[in-house]
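Engineer: Sharing a model prediction with you, sequence too.
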Amino acid sequence: MRILVVDDERSIRVGCQEILTKAGHQTDMAEDGFQGQSFIRGDHYDMVLLDLKMPGPSGLELLEEIRRIDPETVTIIITGYATIETAVEAIKKGAYDYIPKPFTPDALRRVVDRGLERRRLALEAAQLRQERERSLLEVAQERSQTRTIIQCMADGVLVANRQGQLVLFNPAALSMLRLQATPQIGASLEEGIQNERISRLLLSMLKERHAPQSFLSEEISLPGEFPATFMVNVAAAMAGEEEPIGAIAVLRDITKLKELERIKSDFVTMVAHELKAPLAAISGYVDVILGSLGEDIEQERKMLERCQERAYSLLALIKDLLDISSLESSSATSKREPLQLRPVIQDIADFLKGMAAENEIQVQLSIAEDLPLISAGRREMERLLTNLLNNAIKYNVRGGKVYLDARRQDGFIRIEVRDTGIGISPEALPHIFDEFYRVKNDCTRLIAGTGLGLAIVKKIVNSYFGQIEVKSEEGKGSTFSILLPAIGGSL
């Protein structure tokens, strides 16, 4: 398959080209909208990976041109977290899917494979339209390549004939609708799919007159232990300008998109609460001090110190919010250059020495002499190491120890940060990299934090196509292990 990558970030272009070339695809690169436009007009591509914001024509403008030249070309939007809404708008305008920065090689391969499945299906569908004299029921009974492709689609597909009988479906549709038994070909829609709203949409397309090439859309939610939300698009299967010979429903799982909306709402609520509390405390203490100035100097000192603590807490939250925003922004790319991690690790350890001493914690470093260079931004590596060491000290016990080990491992640098602290419960472990998640128990109740430190670490590691894992046991400490590609190593 031929794939074009249009992105003004060189690291994204090169990384995508290397991953897709290894997968057997012919890949071209364009560094801005003008060059991308030239490639699109001068050649034919099965898929285009398209950045939204870049010099020259924007991603949305190029999307419209791609749709005009070849509507069947699969377009995948590359987007930062801050432009998720624009990515959703692009999907409504014809893009197949989007992938947020930073992304891993596996995430890229998955979305590309799904898109190419869609491309192959579109080509088969074009061939199918040339055989309109054959009924949908006959097509459903054939063990054709089209059926095989439909069986492998991630989107659910349901097809009904003009009599309202179910004639084609794929495993994805059965899974989405949570059907316990496989329906019979030829069964009525009500009996076969057991979903009144989808049945009603298909029957409406069959029985009511709709404009040619029109479709019906509806958002459908399924309750249960694991609630899910789907966007159902229904279109008529036409034979010339006659009445429809059938109707086709495509089910797309938008549960994650709805979850993003919920997270966005929760984020606004949380930020409002977190910013309000320290500001209210500072304001209250200052009011009291101003009202009783000079009466109790020691009490005033305590109040001012408390104001200072709350102000530091507020500044820490704002700093973490700015850090995570800069990591997610498509326009904020750090300058990466050959970097030796040894002095960075030593500087961070020296910086946190005072904090460790206050809690009688020993920090021991073990850095291999043959540690290779890494292509990285120093500020991002400082963020990563500071957050890991800060947590290892903060969530330790008095008199505990923190060990940092950095060594070569194949084509990577392996960094391990191990502590003898309070550990993490099995229930909390899957969530520790979630934004704003904090472990809540008696041991952490008085420890200040924003819940963004490990989320920032995870995003930095992902942006370098690295790996991170954690092992922990309550009462016995935690070990965070990171692999980062060394210069000359594999992507």
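Structural biologist: Received, thanks. Everything quoted here is computed from the prediction, not taken from an experiment.

Engineer: can you tell me how far the residue most central in space within the chain sits from residue 87?
Structural biologist: In the chain, the residue lying closest to the centroid (C-alpha atoms, centre = their mean) is residue 100, at 5.3 Å. Residue 100 sits 8 Å away from residue 87, going by C-beta to C-beta, to the nearest Å. Where you see a C-beta, it was placed from the backbone N, CA and C, and this is true even at glycine.

Engineer: go on, residue 25?
Structural biologist: 22 Å.

Engineer: likewise residue 3?
Structural biologist: 19 Å.

Engineer: Could you do residue 399 as well?
Structural biologist: 50 Å.

Engineer: which of the two has more neighbours?
Structural biologist: Neighbour totals were compared for residue 399 and residue 87, and residue 87 leads with 22 against 10 (other C-beta atoms under 10 Å).

Engineer: Name the residues of the helix or strand hosting the more buried one that are buried.
Structural biologist: Per DSSP states H and E: residue 87 is located in helix 84-92. Neighbour-count burial for helix 84-92 flags 84, 86, 87, 88, 90, 91 (criterion: 16 or more other C-beta atoms under 10 Å).

Engineer: Nearest spatial neighbour of the fourth one, chain-adjacent residues omitted?
Structural biologist: Once its chain neighbours are removed from consideration, residue 88 has its nearest residue in residue 257; the separation is 6.7 Å (C-beta to C-beta, 6 or more residues apart in numbering).

Engineer: what's around the one you found, how many residues?
Structural biologist: So residue 257, with other C-beta under 10 Å, has 17 neighbours.

Engineer: you'd agree it is in a helix?
Structural biologist: Yes - assessed by DSSP: H, G, I helix; E, B strand; the rest coil, residue 257 belongs to a helix.

Engineer: now it: how far from residue 78?
Structural biologist: From residue 257 to residue 78 the distance is 17 Å (C-beta to C-beta).

Engineer: what does the domain assignment say about this protein?
Structural biologist: What automatic domain parsing lists as the domains of the chain is 2-124, 132-253, 256-333, 334-491.

Engineer: For the ones you listed, give me TSV that also has mean pLDDT.
Structural biologist: Putting the domains of the chain into TSV (pLDDT from 0 to 100) gives the following:
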stretch	mean pLDDT
domain 2-124	88
domain 132-253	79
domain 256-333	66
domain 334-491	85
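
Engineer: For the stretch 1-150 of the chain, which segments count as strands?
Structural biologist: With DSSP state E, counting those that start in this stretch applied, the stretch 1-150 of the chain shows strands at 2-6, 26-30, 47-51, 74-79, 97-100, listed in chain order.

Engineer: between the ones you listed, which gets nearest to residue 17?
Structural biologist: strand 26-30 (4.7 Å; C-beta to C-beta).

Engineer: neighbouring strands for that closest one, and are they parallel or not?
Structural biologist: strand 2-6 (parallel) (DSSP bridges).

Engineer: ok, back up a step: quickly list what's touching both of residue 100 and residue 87.
Structural biologist: residue 79 (C-beta atoms under 8 Å, 6 or more residues apart in numbering).

Engineer: Remind me which helix or strand residue 460 belongs to.
Structural biologist: helix 453-463.

Engineer: right, I mislabeled it, should have said residue 250
Structural biologist: Per DSSP H and E: strand 246-253 holds residue 250.

Engineer: now residue 471
Structural biologist: Per DSSP H and E: residue 471 is located in strand 467-473.

Engineer: Can I get that strand in CSV, CA atoms only?
Structural biologist: Extracted C-alpha coordinates of strand 467-473, given in CSV (Å, rounded to 0.1, in the frame of the first residue of the first chain):
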residue,chain,number,x,y,z
GLN,A,467,8.6,1.9,27.4
ILE,A,468,7.7,2.2,31.1
GLU,A,469,6.6,-0.4,33.6
VAL,A,470,6.1,-0.4,37.4
LYS,A,471,6.2,-3.2,40.0
SER,A,472,5.1,-2.4,43.5
GLU,A,473,4.0,-4.1,46.7
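
Engineer: what's the following helix or strand after it?
Structural biologist: Strand 467-473 is succeeded, C-terminally, by strand 477-485 (DSSP H and E).

Engineer: Pairing partners for that next one, with directions?
Structural biologist: Here, using DSSP bridges, strand 477-485 pairs with strand 412-419 (antiparallel), strand 467-473 (antiparallel).

Engineer: Pull the distance from it to the chain's centre.
Structural biologist: 21 Å (C-alpha atoms, centre = their mean, to the nearest Å).

Engineer: Start at 58, not 1
Structural biologist: Done: numbering now begins at 58, and the last item shifts to strand 534-542.

Engineer: what residues does it touch?
Structural biologist: 431-433, 441, 445, 449, 452-453, 457, 466, 468-481, 514, 518, 521-529, 548.

Engineer: Are any of these buried, and if so which?
Structural biologist: With burial judged by 16+ other C-beta under 10 Å, the buried subset of the contacts of strand 534-542 is 431-433, 441, 445, 449, 452-453, 457, 469-481, 514, 518, 521-523, 525, 529.

Engineer: Please tell me how far the residue nearest to residue 454 when sequence neighbours are not counted sits from residue 535.
Structural biologist: Closest residue in space to residue 454, ignoring its immediate chain neighbours: residue 478 at 5.9 Å, by C-beta to C-beta, 6+ apart. Between residue 478 and residue 535 the distance is 7 Å, computed by C-beta to C-beta.

Engineer: Which residues are in contact with each of these two?
Structural biologist: In contact with both residue 478 and residue 535: 449, 452, using C-beta under 8 Å, 6+ apart.

Engineer: Which parts of stretch 104-116 count as buried, going by neighbours?
Structural biologist: 104, 105, 106, 107, 108, 109, 110, 111, 113, 114, 115, 116.

Engineer: can you put the residues you listed in JSON lines and add distance to residue 280?
Structural biologist: Below are these laid out as JSON lines (distance: C-beta to C-beta, whole Å):
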{"residue": "104", "distance to residue 280": "36"}
{"residue": "105", "distance to residue 280": "38"}
{"residue": "106", "distance to residue 280": "36"}
{"residue": "107", "distance to residue 280": "36"}
{"residue": "108", "distance to residue 280": "38"}
{"residue": "109", "distance to residue 280": "35"}
{"residue": "110", "distance to residue 280": "38"}
{"residue": "111", "distance to residue 280": "42"}
{"residue": "113", "distance to residue 280": "47"}
{"residue": "114", "distance to residue 280": "44"}
{"residue": "115", "distance to residue 280": "40"}
{"residue": "116", "distance to residue 280": "36"}
